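[1] just coords:
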């Protein structure tokens, strides 16, 4: 995968989300293709990914999102799928995704799947880590122990990603389709697809920028009459599975 050699990746950016129909998404994607280029990962920038989310038994991280806590975090293991089966030694990302007011920050480690599971279970911190890696691993370990975290939900989907050119460095536009979730069978090696997270004709489009959205893209959003939404795939998975009551952010199937 591109840039994975960096092991630790940090993000500090704004994320804007929109709920589109498949027809709207196809139209919008066609409009932006002259301004962006497909992600080099996957086929034509399209790939499948799965995320295993961790939370407390009372869904501490879920309620932080629903209550609009300005500083909040969540923990997940993310696997970018390929033609190779996921094994204990397959490299995955363990990610702390953090929200500070309107800014999204991410810190992550690239570990073997088995090491990632042991870290997120609170059992052990991998021994061979660089100093900067160790500080992130210790933060993850502290989160697991403080909140007594456990595997809670798996969310999987196809993502088609476009990247900004040199004129729009840091810009990323993604289209997520075929979204499914599982709140049981929480091993990323499982072949189970799970249940639908959204209606099949729904697409989540995300615009991610370091500072501000380019003018041309703002114009396209306005012309297409797209409306911002506040949605978390993790929160949607808990609500659609009725683990928690539906909130004002719930998207009906």
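    The structure has been received and is ready for your questions. Bear in mind the structure is a predicted one, so any value in this text is a computation, not a measurement.

[2] which stretches of the stretch 101-250 of the chain form helices?
    Remark: helices assigned in the stretch 101-250 of the chain by DSSP state H, counting those that start in this stretch are 113-120, 131-147, 215-223, 233-240.

[3] what comes up buried for the longest one?
    Neighbour-count burial for helix 131-147, with 16 or more other Cβ atoms under 10 Å as criterion, is recorded at 133-134, 136-137, 140-141, 143-144, 147. (Glycine included, C-beta is placed from N, CA and C.)

[4] now for it, which elements pack on it?
    Using 3 or more Cβ pairs under 8 Å, 6 or more residues apart in numbering; DSSP states H and E as the contact definition, the elements that helix 131-147 packs against are strand 71-80, strand 91-100, strand 103-112, helix 113-120.

[5] spatially central residue for the protein, please.
    Of all residues in the chain, the one closest to the mean position by Cα atoms, centre = their mean is residue 51, 7.0 Å from it.

[6] give the contact list for that one.
    Residues in contact with residue 51, defined by Cβ atoms under 8 Å, 6 or more residues apart in numbering, are 76-79, 154-156, 233-234.

[7] with residue 211 instead?
    14, 170.

[8] ditto for residue 246
    Per Cβ under 8 Å, 6+ apart, neighbours of residue 246: residue 239.

[9] just residue 159 next, same as before
    With contacts defined as Cβ under 8 Å, 6+ apart, the neighbours of residue 159 are 42, 46-49, 174-176.

[10] taking those residues one by one, which sit in strands?
    46-49, 174-176 (DSSP state E).

[11] okay, the helices of the stretch 101-250 of the chain in TSV with distance to residue 27 and mean pLDDT next?
    TSV is the format used below for those (distance: least, Cβ to Cβ, whole Å; pLDDT from 0 to 100):
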stretch	distance to residue 27	mean pLDDT
helix 113-120	38	97
helix 131-147	40	95
helix 215-223	10	96
helix 233-240	23	97
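
[12] okay if I get the ones you listed as a markdown table plus distance to residue 12?
    A markdown table is the format used below for those (distance: least, Cβ to Cβ, whole Å):
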| stretch | distance to residue 12 |
| --- | --- |
| helix 113-120 | 23 |
| helix 131-147 | 15 |
| helix 215-223 | 20 |
| helix 233-240 | 21 |
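
[13] out of those helices, nearest to residue 180?
    Each of those has some distance to residue 180 by Cβ to Cβ; the shortest is helix 233-240, at 9.1 Å.

[14] who touches the closest one?
    Counting by Cβ under 8 Å, 6+ apart, the neighbours of helix 233-240 from elsewhere in the structure are 51, 53, 59, 61-62, 65-66, 74, 76, 152-153, 155, 157, 176, 179, 181, 183, 195-198, 204, 244-247, 249-251, 253.

[15] put the buried members of those into a PyMOL selection.
    One line in PyMOL is enough to select the buried members of those, burial here meaning 16+ other Cβ under 10 Å:
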select buried, resi 51+53+59+61+62+65+66+74+76+152+153+155+157+176+179+181+183+197+198+204+247+251
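
[16] ok, longest strand in the chain?
    When the chain is parsed with DSSP E, its longest strand is strand 150-164.

[17] show the backbone phi and psi for residue 188.
    Residue 188 has phi and psi values of phi -70, psi -10 when expressed as degrees, to the nearest 10.

[18] for residue 117, see how far away it is.
    Applying Cβ to Cβ, to the nearest Å, one obtains 9 Å for the distance of residue 188 from residue 117.

[19] so what pairs up with the residue nearest to residue 45 when sequence neighbours are not counted in the strands?
    Across the structure, with Cβ to Cβ, 6 or more residues apart in numbering as the measure, the residue nearest residue 45 apart from its sequence neighbours is residue 38 (3.1 Å). With DSSP bridges applied, residue 38 shows beta-bridge pairing to residue 162.

[20] number of nearby residues for residue 38?
    Counted with other Cβ atoms under 10 Å, the neighbours of residue 38 add up to 15.
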